[in-house]
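**Q** fold the following for me, if possible:
(2 chains)
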Number of protein chains: 2
Amino acid sequence: MWMAGRSPYAGGIVSDPDRLYRILPQPPFTPQIGALVEMMNYARSTTLQAVHDLSVNELDAVPPGFSNSIGMLLAHVAATDRLYQTASFEGVDPYETEAYAPFVGAMSFGKDGERVQGRTLEELLAQLAEVREETLRQFAARDDAWLQEVMTAWDDFRPNQHWAWFHVMEDEVSHRGQIRVIRNALRAARG
Amino acid sequence: MWMAGRSPYAGGIVSDPDRLYRILPQPPFTPQIGALVEMMNYARSTTLQAVHDLSVNELDAVPPGFSNSIGMLLAHVAATDRLYQTASFEGVDPYETEAYAPFVGAMSFGKDGERVQGRTLEELLAQLAEVREETLRQFAARDDAWLQEVMTAWDDFRPNQHWAWFHVMEDEVSHRGQIRVIRNALRAARG
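**A** So this is what the prediction gives:
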């Protein structure tokens, strides 16, 4: 499990198969943040399942009719989490920071930077886990009143914190759906 | 907007563009149910955007490498909502009921029943709205304590109510992600 030994309750998810299918907000998180964390954990577990055992070649492949590889989508999921960290916790536009530069390629699917290529599943998953660990650390220091606040990072886009982090999860689920069909297309092409 | 005039706050979503990007649980829903409803509303708005203006031919098309058409996925989203209504609100396995029979084809992507074919966007969206209206009506009569309860419809699958309805939203988002790539593939094939 990606966050075994990190989350105070990841152990429960591992030892009880039903636990995965229950949204049960837990300390140290406040109730609404906790529900969001449960959803993010569930979404992540399905992402891990969708990419299980993929080789570098499979991660890099773009089947006919598709625009992105599975590796690109995984890196994009980490880049989205990282983008909202800067915007949400620091109130700063990530594109104004040097720290975000390494993520711009994946965030823009290669349009504004390098495409993701040649990275192993282990490397991609380690980045996802590392970024998420910081998100959860920040969540633990905040509360449900904060979650309702409007974000100030951008002038022309003013989501509240709750939507922002819901969206990080929702975007991951959308790309996980795409990963599943890319994986099927790769399998079909192999015959 | 699909639920204009039905939800007590849909009007707000329409008149204020920022409202869409804020999770703000509202009466008559209790806080956690309300947050879920906000997420379901947002997810639905992105589904509607993804299928905007599609013709019957486009809804029926299955591009090379894909297994499902966009029409099939839309019908599946309605069938999933309907499935969880019976399981969650009645505590009954939907497959044991006659009322669920018309949804089995879409639920199983045509494996255990008819494939979805020849239905207009209007028909598909009307079904989505009709099913969802009933879900929201049921939500309004329940509370956050209920949301934590474990579902009793199935012996071998015991999610809690919160997970079940999160999953209805999450599954829609996953298929919306797939709808986007199918739509791109159709556009690419047209050149």
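
**Q** where in chain A is the helix or strand with the lowest mean pLDDT?
**A** Every helix and strand in chain A was compared by mean pLDDT, DSSP states H and E; the lowest is helix A:10-15, with a mean of 45.

**Q** buried residues in the helix or strand just after that one?
**A** Counting by DSSP states H and E, the element after helix A:10-15 in chain order, helix or strand, is helix A:31-51. For helix A:31-51, the neighbour count (16 or more other Cβ atoms under 10 Å in any protein chain shown) marks A:31-44, A:46-48, A:50-51 as buried. All C-beta spots, glycine's among them, are computed from the backbone N, C-alpha and C.

**Q** who does helix A:31-51 touch, helix- and strand-wise?
**A** Packing partners of helix A:31-51 (3 or more Cβ pairs under 8 Å, 6 or more residues apart in numbering or on different chains; DSSP states H and E): helix A:10-15, helix A:70-84, helix A:121-140, helix A:144-148, helix A:161-190, helix B:31-51, helix B:161-190.

**Q** residue A:100 and chain B: what is the separation?
**A** Separation of residue A:100 from chain B (Cβ to the nearest Cβ, to the nearest Å): 21 Å.

**Q** oh sorry, the question was meant for residue A:20
**A** For residue A:20 relative to chain B (Cβ to the nearest Cβ), the value is 8 Å.

**Q** do the same with residue A:179
**A** Per Cβ to the nearest Cβ, residue A:179 is found 9 Å from chain B.

**Q** show me the contacts for that residue.
**A** By Cβ atoms under 8 Å, 6 or more residues apart in numbering or on different chains, the residues touching residue A:179 are A:47, A:50, A:51, A:70, A:73, A:74.

**Q** save those residues as a markdown table, and put in pLDDT too.
**A** Supplementary listing: the contacts of residue A:179 in a markdown table, determined by pLDDT from 0 to 100:
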| residue | pLDDT |
| --- | --- |
| A:47 | 97 |
| A:50 | 97 |
| A:51 | 98 |
| A:70 | 98 |
| A:73 | 98 |
| A:74 | 98 |
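
**Q** just the helices and strands packed on helix A:31-51: most buried one?
**A** helix A:70-84 (a mean of 25; mean count of other Cβ atoms under 10 Å in any protein chain shown).

**Q** where does chain A dip in pLDDT?
**A** Across chain A, residues meeting the criterion (pLDDT under 70) sit at A:1-15.

**Q** how does it look with 80?
**A** Applying pLDDT under 80 to chain A picks out residues A:1-17, A:191.

**Q** what's the closest non-adjacent residue to residue A:182?
**A** What sits nearest to residue A:182 in space, not counting adjacent residues and going by Cβ to Cβ, 6 or more residues apart in numbering or on different chains, is residue A:70, at 5.4 Å.

**Q** contacting residues around that neighbour?
**A** Residues near residue A:70 by Cβ under 8 Å, 6+ apart: A:51, A:54, A:58, A:59, A:61, A:179, A:182, A:183.

**Q** hmm, try it at 7 Å
**A** A:51, A:54, A:58, A:59, A:179, A:182, A:183 (Cβ atoms under 7 Å, 6 or more residues apart in numbering or on different chains).
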